[in-house]
Every structure is written in structure tokens, then in C-alpha cells.
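Visitor: Sequence below, structure please.
(one chain, ligands or ions: 3)
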Amino acid sequence: MAGFDSLLNRKLRGKRAEDEWESQIDHNHLPQHIAVIMDGNGRWATLRGLPRYAGHRAGMSALKELVTICGELGIQVLTVYAFSTENWKRPAEEVSFLMDLLVEYMERELAELHHKGVQVRILGEIDELPLLAQQALHKAENVTHGNQGMKFNIALNYGGRREILKAVRQIAQQVLAGEIKLEQINEELVSCFLYTKDLPDPDLVIRPSGEQRLSNFLLWQSAYSEFWTSSVLWPDFRKHHLFEAIVDYQKRHRRYGGL
Ligand code: IPE
Ligand code: IPE
Ligand code: MG
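Guide: Ligands and ions are numbered 1, 2, ... in the order given. Down below sits the predicted model:
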């Protein structure tokens, strides 16, 4: 009974926080592009005496909720960081679990995402992933390709430095081939060679788990993004955390170096 009580109380508290933050959101001034570093799954599990993979599974539920809320709010672009080029350093069993989870997520969610008009895109090097993951991701991109709703990007085997390096190589190749003149290389051109070529830069980058770093995420694109961090661990990230981040974002004065 005590367990039931505390669950009920937690839900009520969550709902109150949600309503409180939601009432403060200015719907005419929403961030166009929100990017989230989904961090803290392992710690969430360890705190509960569970294996790390349980944290990743709980993180998947938080992701499902995030996509729904952003869609309902009318956010145009949502990008989530799911696996970095550095995450290969983790034990093989954890990497393999994450890849399987990804396939499971896509198989479970694709129909609903498609139904909601969401457009799925992967940022990163897909062809280095296990075959099953590659197939699931290509399928998600192909099925949702023509959708007109929220653009949902999953950064997977993604590294900001690697993305920039790839762009530099491609541009150099085109210069060597005489297709681009040196003088034509500017910020706009470089942006066209990134995974995010036709997307606006993120307005708001959210990082839960208490860490205050980018960890190689959207290095070029986040030059003037607003950063919002919280000690909440990703699996515990709820609607009211997103609302709080948006309200905080809306209070900021973005100067872009001007006055
Ligand atoms: C984020 O959670 C998920 C991935 C990086 C794939 P972590 O697994 O990094 O969780 P912590 O940071 O160890 O708690
Ligand atoms: C960043 O989290 C990558 C993802 C969330 C996918 P990490 O847990 O890998 O980052 P660090 O190691 O704390 O910088
Ligand atoms: Mg981490």
C-alpha cells in the first residue's frame, strides 16, 4: 500500500510540475530544433542495483515519450544522440545490446512514427553498424522519407569531429577535381557537406545526467545553441523536464555576438 501511495504521489507531483511549466511556455516562440544527449542510463541502473542494460531499456521508454511530446508541441526538428563514435570503446556485450535495442525500437515504433507523419533520419555512419541495424535504419528512413511532420534525427555512430573531417575530405576532393574553387569554401558550403545539410542548427541542446559537455555532439551546428543541463538521469527524463528546459530557453537573450 505504501508503494502504491508513493507511486500515486509521484505521479501527482509530476503532473503538477508538468502543468506548472506548461502554462509558462510561449507557443509562438518554441525552439525550432531541439537536440538531446540521452545520457545517464548506466548510472540510473546502477543506482537501482540493476545491470546497465536495464538503464538502456528504461532510456528507450524516455525516448518514446520525448518523441511524442515534441510532436504534440509542434517542434519541427528533434535530434537525439544515441551512440557516439567513441561508444565503441565500451564492452562488446554492451555495444551489442545497444544495437539490438535499436533494432527493437525501430521495429516497435516505425508504424506509429510513420502514422504521425514523422520523418526519420540517421546522422552518422550507418554502414559500420551490424547488418540488422543497418536494415532497420534504412527501412525507417525509406518508409518515412516523404512525411511532412516532425523531422526526427537519430545520431548513431555519430561524431562531430568525424562529420567535419568527412566534409573537409569531400570538399578537398571537389577542389582537386576542379568542381569547387577555393574561394567558394565558406560556412554555407561546409554546412552542405554535413549530415544535417538541410536542417536548421539546434536552438536548444539538452543534456541530462549532470555532465556539462558536448561529448563530440553537433560541434559545428551548436556554435550558438543554448545549452540546458540537468542532474536528472535520462531514463527519468519526463515531460516536465522538457517544458522546464523550453521555459528556460525562452527567457534567454540570444545575441550571436551582437549587442
Ligand atoms: C547513455 O547512457 C547511453 C549511451 C551513451 C549509449 P550511458 O550508458 O552513457 O550512461 P552513464 O553515463 O554510464 O550513466
Ligand atoms: C554521450 O554520452 C553519448 C550519448 C549519449 C550517445 P557518453 O556517456 O558517451 O559521454 P561521456 O563519455 O560521458 O562524455
Ligand atoms: Mg554516459
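
Visitor: Could you show which parts of this protein are in contact with ligand 1?
Guide: Residues of the chain lying close to ligand 1 by C-beta under 6 Å from any ligand atom are 38-43, 83, 87, 98, 209. Where C-beta positions appear, they are placed from N, C-alpha and C, glycine not excepted.

Visitor: okay, and for the chain, where does confidence drop off?
Guide: For the chain, the stretches flagged by pLDDT under 70 are 1-4.

Visitor: can you map out the strands along the protein?
Guide: For the chain, applying DSSP state E gives strands covering 33-37, 77-84, 119-123, 151-158, 204-207, 226-229.

Visitor: Any chance of TSV for the ones you listed, columns mean neighbour count?
Guide: Below are the strands of the chain laid out as TSV (neighbours: other C-beta atoms under 10 Å):
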stretch	mean neighbour count
strand 33-37	25
strand 77-84	23
strand 119-123	22
strand 151-158	24
strand 204-207	25
strand 226-229	18
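
Visitor: Quick check: the farthest pair among the residues of the chain next to ligand 1?
Guide: The span of the residues of the chain next to ligand 1, defined through C-beta to C-beta, is set by Arg43 and Phe83 at 17.3 Å.

Visitor: And the residue of this structure that's closest to ligand 2?
Guide: At 3.6 Å from ligand 2, Ser215 is the closest residue in the chain, using C-beta to the nearest ligand atom.

Visitor: mind listing what that residue touches?
Guide: Applying C-beta atoms under 8 Å, 6 or more residues apart in numbering, we find Ser215 in contact with 37, 39, 81, 84, 86.

Visitor: so which of those comes closest to Arg13?
Guide: Closest approach to Arg13 among the contacts of Ser215 (C-beta to C-beta): Asp39, at 23.8 Å.

Visitor: Show me the helices in the stretch 151-259 of the chain, by range?
Guide: In the stretch 151-259 of the chain, helices defined by DSSP state H, counting those that start in this stretch lie at 160-176, 187-192, 239-250, listed in chain order.

Visitor: buried set for the second one?
Guide: Within helix 187-192, the residues that count as buried by 16 or more other C-beta atoms under 10 Å are Ser191.

Visitor: Grab the nearest non-local neighbour of the spatially most central residue of the chain.
Guide: Nearest to the mean C-alpha position of the chain, by C-alpha atoms, centre = their mean, lies Val80 at 1.0 Å. Excluding the flanking residues, the one nearest Val80 by C-beta to C-beta, 6 or more residues apart in numbering is Val36, at 5.0 Å.
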